[in-house]
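K.L.:
here is a sequence together with a model predicted from it:
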Amino acid sequence: MVDEVDESVLVLAATGGQGRAVVDALLARGARIRALVRDPGRSAARELAGHGIDVVAGSLSDRGSLAAAMRGVAGVFAFTTPFEAGVEAEVAQGRAILAAARQERVPHLVFSSVAGADQDSGVPHFESKARIEAELTAGDVAYTILGPTYFFDNALGGARRILDGVLDLPLPPDRPLQQLARPDLGAFAAEVLLNPAPYLGQRIELAGDAPTPTQMAAALGAALGRDVRHERVPLSAIGNPDMHAMWAFLNGPGYRVDLPALHAAHPEIRWTGFADWAQRTWSAAG
């Protein structure tokens, strides 16, 4: 494995959940990093600069700032989001990123998509990423596509209910849900960015564990030192069309990562289990 690069690696949306995980993993490996952020004056961006990172201002939808940030880098970690302005805005972000990468002849673009984007899922924010993937694979920029599954951290959105003893999930109690720790995504992306040759042209879906809601509730309860039970939320109660479609997909075909094969092929990744994540994340709240 290569532990250093001669040129910087650019991380887009570097203060977000995925971007910061990638930054942390690159820092741990001694890489030179350039970070694209909206506002270099914010505390999260200043913290990055304090680690010796080259922090630059830009927007995921602004081709000019993206191209300027990409100039001369060895690789780019790219991320897009529909959750601020919708799926068409996300596709526009992807097109701006790809156009900038072509313009600057980026040697390697690592695009963080989502597991299931290649399954005709009908989930709007999966389909938008599938459209970006299609344009990326049809182009002439060398790429690797990563497809993370559901993040453990998504449980934090229901923190108050969990502390009250209830894990709300729109799944049957015995239905496994493939999930991933953000630091494991960061570690995998860092390996791909710093050692690209084995990964060029590949699409790799990522999951660290596949607990059922019952197992998740038990792990959260063990971490908190109190009972936590799973309560199945009916799909009809999910008003957001995108989230409704996602949970319908997860109740149906769902993610299909071959966890044993993935973990055997990449023993260098920690592959955090849900129970370990819960213990580290929730034990202080018990």
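P.N.:
Looks like it came in fine.

K.L.:
show me the strands in the protein, by range?
P.N.:
9-11, 33-37, 54-57, 75-79, 109-112, 143-148, 150-151, 166-169, 179-180, 203-206, 229-232 (DSSP state E).

K.L.:
figure out how far the first one is from the centre of its chain.
P.N.:
To tie it back to what came earlier, the one meant is strand 9-11. On the basis of C-alpha atoms, centre = their mean, to the nearest Å, the separation between the geometric centre of strand 9-11 and that of its chain is 15 Å.

K.L.:
then the last one?
P.N.:
The gap between the average C-alpha position of strand 229-232 and the chain average comes to 26 Å, counting by C-alpha atoms, centre = their mean.

K.L.:
again with the longest one
P.N.:
Averaged C-alpha coordinates place strand 143-148 at 10 Å from its chain's average position (C-alpha atoms, centre = their mean).

K.L.:
and that strand, what does it pack against?
P.N.:
In terms of contacts (3 or more C-beta pairs under 8 Å, 6 or more residues apart in numbering; DSSP states H and E), strand 143-148 is packed against strand 109-112, helix 124-138, helix 182-194, strand 203-206. The C-beta positions use only the backbone N, C-alpha and C, and glycine is treated the same way.

K.L.:
if we use 10 Å, what do you get?
P.N.:
For strand 143-148, the contact count by 3 or more C-beta pairs under 10 Å, 6 or more residues apart in numbering; DSSP states H and E identifies helix 17-28, strand 75-79, strand 109-112, helix 124-138, strand 179-180, helix 182-194, strand 203-206 as packing neighbours.

K.L.:
quick one, that strand and strand 75-79 angle?
P.N.:
Compare the direction of strand 143-148 with that of strand 75-79 by axes from the mean of the first three to the mean of the last three C-alpha atoms, to 10 degrees and you get 40 degrees.

K.L.:
could you dump the helices and strands packed on strand 143-148 to CSV with distance to Arg34?
P.N.:
As requested, those are exported to CSV (distance: least, C-beta to C-beta, whole Å):
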stretch, distance to Arg34
helix 17-28, 10
strand 75-79, 9
strand 109-112, 14
helix 124-138, 21
strand 179-180, 25
helix 182-194, 12
strand 203-206, 24
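
K.L.:
nearest to Leu163, of the ones you listed?
P.N.:
With distances scored as C-beta to C-beta, the stretch of the helices and strands packed on strand 143-148 nearest to Leu163 is strand 179-180 (20.1 Å).

K.L.:
returning to what we had before: in CSV: the helices and strands packed on strand 143-148, plus distance to Ala237 and mean pLDDT.
P.N.:
What follows is the helices and strands packed on strand 143-148, written out as CSV (distance: least, C-beta to C-beta, whole Å; pLDDT from 0 to 100):
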stretch, distance to Ala237, mean pLDDT
helix 17-28, 26, 97
strand 75-79, 30, 97
strand 109-112, 30, 98
helix 124-138, 19, 97
strand 179-180, 22, 98
helix 182-194, 27, 98
strand 203-206, 29, 98
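
K.L.:
any chance of these in JSON lines, plus distance to Gly50 and mean neighbour count?
P.N.:
What follows is the helices and strands packed on strand 143-148, written out as JSON lines (distance: least, C-beta to C-beta, whole Å; neighbours: other C-beta atoms under 10 Å):
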{"stretch": "helix 17-28", "distance to Gly50": "11", "mean neighbour count": "21"}
{"stretch": "strand 75-79", "distance to Gly50": "20", "mean neighbour count": "27"}
{"stretch": "strand 109-112", "distance to Gly50": "25", "mean neighbour count": "24"}
{"stretch": "helix 124-138", "distance to Gly50": "32", "mean neighbour count": "19"}
{"stretch": "strand 179-180", "distance to Gly50": "28", "mean neighbour count": "26"}
{"stretch": "helix 182-194", "distance to Gly50": "19", "mean neighbour count": "24"}
{"stretch": "strand 203-206", "distance to Gly50": "29", "mean neighbour count": "20"}
